[in-house]
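Asks: here's a sequence, model it:
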Amino acid sequence: MAKRLSVLRTALAATVVAAAALLPAPALAQGSAADAAQILHVTAPGDPAELGRKLAEAGLDVLGREGSAILVLRQDGVTGTLAGLGARTVRVQQVPAAATPRAAAAYPKPKRLAGKEYPTFYGGYRTVEGFHSFVADVAKHYPDLTKRVAYGQSWQRQRDPAKGNQLEALCITAEAWRGCELKPDSAKPRFLLMAQIHAREVTTSEQAWRFITRLLDGAYGEAEVAALLGGTEVWVVPQVNPDGIGVVQDGLTNAGTSANSSAWQRKNLNDSNSVTPCPGPWSSNHEGIDLNRNWDSRWGGVGTSGNACAQTYRGPKAASEPETHQLAGLFEKLFPDQRGPAETDAAPATTRGAMITLHTYGNLVLMPWGHDPKVKTPNDAGLRSMAFRMSGYNGYNTGQPGEVLYNVTGAADDWAYDKLGIAGFTFEIGPNSGECNGFHPAYSCQDKFWELNKDALLYAAKSARQPYVSTLGPTVSGLTVKRGLFSVEVSAKADDNAYGTVGVGRPAAQKVVEAEIYLDRAPWNGGHARPLKINGDGATVELGGKAGAWGLERLAYVRAKDADGNWGPFTSAWVK
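Replies: Residues are numbered from 1 along each chain as shown. Got it, this is the predicted structure:
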């Protein structure tokens, strides 16, 4: 990578000097139309997921799926490859030039950091340095809620301490000084969100930033967040691949989204496996190792490449990269191993812990296993129910990778379930076409993505207490709890059919048969259950009734049970 970056920077410097008198800065930053990257929409007879697998194994950069078409990035030799697979291009999509910058003042900040400013690029995205400063500031100004944990060093930092990045995470929970310890037998269950393992997927760390901000701002004001942090530790790794992200920053700043821009950097910066610089364009070939093909779970299988220049290069061995094996080490310090070694070993119903890894794009919620859609995990019912519950919020297509996209191995979510038994998922954020599609959408798109995903992420976090059981049960929404003289009056909706509508294997809904409320003390803190009335007969019902109270209670927890005996996760509201 050092070889190619050196060549790139020398060329960019010469180009800037030669062109400065001829082109205004915005045009220079966007690159020429002739150099623009292109996305091919490809079809073939048969199963689209099988076509996606073949295209990936042929070394093409498979970006997503739209209906029966698989989206691949145009690169040298693609026409012959498609012909050999009996596939054809039905549409050519031009990658938009660099987005028009937007004032960085629009980015969100937690209230205690309102006066802070962080460096940005490409119209508002925070730089790697900005994220390091943000994590440090959060830990300093929110000691009641957070703890900063450095869990390793990037490949470049290990090679040259003056150049690389420290790898860091934030723990967010009430009374953080009492927890956030690096040991798996924690008092509270844990949820982990990780972002930007693929450097070019700039949306993902911005969504992690917003998630952190919501938790900090809502800890004392939003009932759902207060209840979550009172009973759960939330861990966030906002930038898994900071070395690669720095290269993307340079590319977007100096060359926009042209095919030869380093804005397309996907992998880390480990160039020790390629003898010479990889052939261009950068959008199709570059040095480094795909960190989401490097995890020690069916490493080297389908959906990976042995070509060191390919986008899905898996590396010389499983967990060869510091960004991978050090993050795996953090997982092992946070979550106990709750599943046996065999593929058929199920994690127990009492399993605690869940994780989501954020990617772009395709509007997908993905779950294990990734290697074969015909092979289901022994916890498929719980995983699939949780996946569809989350897509009930964001509307994404839901299923195993091979059911809705293409097969993959060596990925983080598969590893988390395979090795530790926790519920693992991938979100692919952003549409395949139209406004806000692609790896480098305008910064203004982040608000739209957040509105779709904020409640899906919150649902995942509060389900981490018992993901394979609680997500089978009904979802409670619209909760209000009004204070009376010696009681509270409750109103809410319980819906066992609160699932996304697009995907494979959508679970069936059951009747809602029971509901209960806890006041101030949740059941895991010795709270006392009071029954609520079920108004209606079916999968979607209204909850109501009164429960005795002393007049001092502030927070209410409500859940409902379906006919199969599954209690859903708690929904909380302030007593008013």
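Asks: the helices in the stretch 1-150 of the chain, which residues?
Replies: With DSSP state H, counting those that start in this stretch as the criterion, the stretch 1-150 of the chain has helices at 2-19, 25-30, 48-57, 78-84, 128-141.
Asks: I'd like the average pLDDT over the third one.
Replies: The reference is to helix 48-57. On average, the pLDDT along helix 48-57 is 82.
Asks: check stretch 179-189 too.
Replies: Computed over stretch 179-189, the mean pLDDT rounds to 96.
Asks: buried sites along that stretch?
Replies: Neighbour-count burial for stretch 179-189, counted by 16 or more other C-beta atoms under 10 Å, picks out 179-180, 184, 186, 188-189. In this view, the C-beta of every residue, glycine as well, is placed from N, C-alpha and C.
Asks: then stretch 317-328?
Replies: If you call a residue buried by 16+ other C-beta under 10 Å, then stretch 317-328 has these buried ones: 318-324, 326-328.
Asks: just the element for A328, please.
Replies: In the assignment (DSSP states H and E), A328 maps to helix 322-334.
Asks: next one: that helix to chain centre, how far?
Replies: 17 Å (C-alpha atoms, centre = their mean, to the nearest Å).
Asks: kindly format the C-alpha coordinates of it as PDB.
Replies: Provided in PDB are the C-alpha atoms of helix 322-334 (Å, rounded to 0.1, in the frame of the first residue of the first chain):
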ATOM      1  CA  PRO A 322      -4.300  -6.800  13.800                       C
ATOM      2  CA  GLU A 323      -7.600  -5.000  13.100                       C
ATOM      3  CA  THR A 324      -9.200  -8.400  13.100                       C
ATOM      4  CA  HIS A 325      -7.600 -10.500  15.800                       C
ATOM      5  CA  GLN A 326      -7.400  -7.600  18.300                       C
ATOM      6  CA  LEU A 327     -11.100  -6.900  17.800                       C
ATOM      7  CA  ALA A 328     -11.800 -10.600  18.200                       C
ATOM      8  CA  GLY A 329      -9.900 -10.400  21.400                       C
ATOM      9  CA  LEU A 330     -12.100  -7.600  22.600                       C
ATOM     10  CA  PHE A 331     -15.200  -9.700  21.800                       C
ATOM     11  CA  GLU A 332     -13.800 -12.600  23.900                       C
ATOM     12  CA  LYS A 333     -13.200 -10.200  26.800                       C
ATOM     13  CA  LEU A 334     -16.800  -9.000  26.600                       C
END
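Asks: which elements pack onto it?
Replies: When contacts are defined as 3 or more C-beta pairs under 8 Å, 6 or more residues apart in numbering; DSSP states H and E, helix 322-334 sits against strand 146-153, helix 155-159, strand 166-172, strand 190-195, strand 233-237.
Asks: if I take that helix and strand 233-237, what angle do their directions form?
Replies: 170 degrees (axes from the mean of the first three to the mean of the last three C-alpha atoms, to 10 degrees).
Asks: low-confidence ranges in this structure?
Replies: Flagging of the chain using pLDDT under 70 yields the residue ranges 1-35, 97-106.
Asks: centre-most residue in it?
Replies: The centre of the chain sits closest to L358, judged by C-alpha atoms, centre = their mean, with a distance of 1.7 Å.
Asks: what's the spacing between that residue and D413?
Replies: Look at L358 and D413: by C-beta to C-beta, to the nearest Å, they are 11 Å apart.
Asks: common neighbours of those two, please.
Replies: Common neighbours of L358 and D413, counting by C-beta atoms under 8 Å, 6 or more residues apart in numbering, are T426.
Asks: before we move on, back to that, please name every helix or strand in contact with the helix or strand containing the residue nearest to the centre of the chain.
Replies: In this structure, L358 sits in strand 354-359 according to DSSP H and E. Packing partners of strand 354-359 (3+ C-beta pairs under 8 Å, 6+ apart): strand 190-195, helix 203-218, helix 412-415, strand 423-428, helix 445-463.
Asks: which neighbours does the helix or strand following it have in its sheet, and in what orientation?
Replies: Counting by DSSP H and E, the next helix or strand C-terminal to strand 354-359 is strand 364-366. For strand 364-366, the paired strands and their directions (DSSP bridges) read strand 397-399 (parallel), strand 423-428 (antiparallel).
Asks: can you report how many residues lie near W282?
Replies: Using other C-beta atoms under 10 Å, W282 has 24 other residues around it.
Asks: OK, contacts around it?
Replies: W282 sits next to 8, 251, 259-265 when contact means C-beta under 8 Å, 6+ apart.
Asks: and it, that one's in a helix?
Replies: No - per DSSP: H, G, I helix; E, B strand; the rest coil, W282 lies outside any helix segment and is coil.
Asks: so the residue nearest to the centre of the chain makes contact with L193?
Replies: Yes - assessed by C-beta atoms under 8 Å, L358 is found in contact with L193 at 7.0 Å.
Asks: need the overlap of contacts for the two.
Replies: Contact criterion C-beta under 8 Å, 6+ apart; residues shared by L358 and L193: A208.
Asks: and the residue of the chain positioned farthest from its centre, what element?
Replies: Distance to the chain centre peaks in the chain at L485, reaching 45.3 Å (criterion: C-alpha atoms, centre = their mean). Per DSSP H and E: L485 is located in neither a helix nor a strand.
Asks: what is the burial count for Q265?
Replies: Neighbours of Q265 (other C-beta under 10 Å): 30.
Asks: enumerate every residue touching R157.
Replies: Counting by C-beta under 8 Å, 6+ apart, R157 makes contact with 163-166, 243.
Asks: same check on V248?
Replies: Counting by C-beta under 8 Å, 6+ apart, V248 has contacts 199-200, 202, 262-265.
Asks: could you work out the most separated pair of those residues?
Replies: The two members of these with the most space between them (C-beta to C-beta) are V202 and S262, at 12.9 Å.
Asks: before we move on, back to that, want to throw the helices and strands packed on strand 354-359 into TSV with distance to G536 and mean neighbour count?
Replies: Output for the helices and strands packed on strand 354-359, formatted as TSV (distance: least, C-beta to C-beta, whole Å; neighbours: other C-beta atoms under 10 Å):
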stretch	distance to G536	mean neighbour count
strand 190-195	32	26
helix 203-218	31	23
helix 412-415	37	27
strand 423-428	30	28
helix 445-463	23	21
